[in-house]
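Could you look at this predicted model? Sequence included:
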Amino acid sequence: MSEKLVLGPLLSIENDNKYVVCFLSKTNLDYSIVFDNDTIVKAKKLANLNNGYFYRAEYTIKALENSRYVTYQIQNEKGFLKDFNKRDSWKFYIPAKNEKAKFAYASCNGFSSPDLLAKTDVPYKLWEKLEKNHKKEPFSVLVMGGDQVYADELWSKVLELEKWTKLKMKEKIKRRASKTMIKQLKDFYEKLYISKWSDKSMSLALATIPTVMMWDDHDIFDGWGSYPDELQTCDVYKNIFSVAKKYFEIFQIRTIKNTSLLSKKREHYSFALKFRNYHILALDNRAQRSIYTVMGNDEWKDINTYLDENILNDNLLVLSAVPVVYRDFSCTEALVDFSSWQEELTDDLKDHWRAKEHQGERMRLIMRLFMNIKKRKENGQNTRTVILSGDVHVGSLGVINDKENKDKIHQVVSSGIVHTPPSYIEWLGISAVTNDNNEFLNEDKTIETSMLTPIGSSKYLRVRNFVTINEGTDEKLWINWICDNKDKPCYALN
């Protein structure tokens, strides 16, 4: 009888031709990946976990003049392995060498509370839609921009942590994480990935569409990095982060063998890779985050080096988990800073790029991207820079215009592929305490941000969705939001 996988397979890419297959198995055996029934690649065991053994296999596939599909299976001495949904064979699409790649972008793959899950009729409906879209017109890459899992239940599911939450703040900060707590944390995060990524449609997508993933706060817990220093640096918080990082590194980054990582020391998890005529640059906005900074100096150095040395002739997709262009919360933030609500609300408000502590760093990022655009233009290339973001559970489209140099950066936000949007009443509340007025970023008002309205929808998409990105025959970059309802918002980027 063939063995069943605990989790996987998980398919990813690390450059234009390098595909990676990972999986979690029950037994410690020799495993191989069989590609197209003739190429056999040995899988290497890279981690021993509570629920099994994590394996990774790499396969370099050169792009050819014509597109094609590659089929693969996982085998050991007992035969071919089946996944959680009884499949034992998978296939993925290889675009032709000069083909215009089609991307999918998704974020917010879970629920922040059990109540939201209970109230959602078909939780994984958008994964079913994504899989149907992929069968009709295959995606080359699935980009996942954060909150691939929601770990917020750890406060009630990890018993030692639940006890810790009942302590007074001074005791919380002094208390050290016990071995029992750390063991329970490991068990929680590992089971979280296994249970949430085993949905029939989602698991098929993760096995048949090459993914790249960058984390956000819920992959750790809500608001990570935006808490007061004394809490952020206490022993319990540091151990939660350490455990969450371990499983993020294994399941999402596909271990430290990932060659697209910019930091070999794992100080951060920003990564970059080239795929056809695109560069994908993922910003790690969590590993070194604090109330005062979004990214550390070493991460900035690695990002700057990559931008200086690459992306002369290609489009640039930048992953920023939290939107760079969005509604302004500054009035609400100022009110909270001088009220009794500060402790309760500060992590939500400080988590935005437009929080006053982050505005300087946000400006640095924007100007750095414009500098890269200028460099490409000097090289005779008129390519695009697009920021991909999520987090806020509301889809939108923004633009940053440099009027003097006639350059622009667009930002595309997906609502959430699983998480539900704010209710009508909640959105009225958000709208009442924020604004989306155009924003000028320099004193001569030549650099301006604004929110645009997608074609066929309102300015803000208060509906679950994922995004497709592909260049049309008109040479425009078409953005389509695939929604949970009948709406079909789209926009063409010049």
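Nice, I can see it.

Quick one: list the elements packing against the longest helix anywhere in the chain.
Counting residues, the longest helix found in the chain (DSSP state H) is helix 359-378. If you count contacts as 3 or more Cβ pairs under 8 Å, 6 or more residues apart in numbering; DSSP states H and E, helix 359-378 packs onto helix 297-309, strand 315-319, strand 385-389, strand 407-413. C-beta here means a position set from N, CA and C on the backbone, and glycine is covered the same way.

so where's the protein uncertain?
Across the chain, the ranges flagged by pLDDT under 70 are 1, 330-349.

ok, now which ones touch the residue most central in space within it?
The chain has Gly145 as the residue nearest its centroid, 1.9 Å off, counting by Cα atoms, centre = their mean. When contacts are counted by Cβ atoms under 8 Å, 6 or more residues apart in numbering, Gly145 touches Tyr105, Ala106, Ser107, Met214, Asp216, Leu319, Ser320, Ala321, Leu388, Ser389, Gly390, Ser414.

Which parts of the stretch 101-250 of the chain are strands?
Ranges of strands in the stretch 101-250 of the chain, per DSSP state E, counting those that start in this stretch, are 102-106, 141-144, 211-213.

How is the chain partitioned into domains?
Here the domain parsing of the chain from automatic domain parsing is 1-98, 100-493.

Let me have the strands of the stretch 101-250 of the chain in CSV, adding distance to Leu307 and mean neighbour count as columns.
Below are the strands of the stretch 101-250 of the chain laid out as CSV (distance: least, Cβ to Cβ, whole Å; neighbours: other Cβ atoms under 10 Å):
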stretch, distance to Leu307, mean neighbour count
strand 102-106, 20, 24
strand 141-144, 19, 24
strand 211-213, 18, 24
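
Out of those, which gets nearest to His268?
strand 211-213 (14.6 Å; Cβ to Cβ).

Off-centre distance for that closest one?
7 Å (Cα atoms, centre = their mean, to the nearest Å).

closest to Gln252 out of the helices and strands packed on helix 359-378?
Among the helices and strands packed on helix 359-378, strand 315-319 sits nearest to Gln252 (Cβ to Cβ), with 12.4 Å.

Leu397: which of the strands of the stretch 101-250 of the chain is closest?
Checking the strands of the stretch 101-250 of the chain against Leu397 by Cβ to Cβ gives strand 102-106 as the closest, at 12.6 Å.

Asn470: what's it in contact with?
Residues near Asn470 by Cβ under 8 Å, 6+ apart: Lys100, Ala101, Lys102, Phe103, Leu477, Trp478.

what kind of secondary structure is the closest residue to the fourth one other than its chain neighbours in?
Pointing back at Phe103 there. Distance criterion Cβ to Cβ, 6 or more residues apart in numbering; nearest residue to Phe103, sequence neighbours excluded, is Ile469 at 4.3 Å. Secondary structure assignment for Ile469 (DSSP: H, G, I helix; E, B strand; the rest coil): strand.

What is the burial count for Asp216?
Counted with other Cβ atoms under 10 Å, residues neighbouring Asp216 total 27.

re earlier: contacts for the longest helix of the chain?
Contact partners of helix 359-378, identified using Cβ under 8 Å, 6+ apart, comprise 283, 293-295, 300, 303-304, 307, 311-313, 316, 318, 320, 324, 353-354, 382-383, 385, 400, 402, 405, 407, 409, 441, 447.
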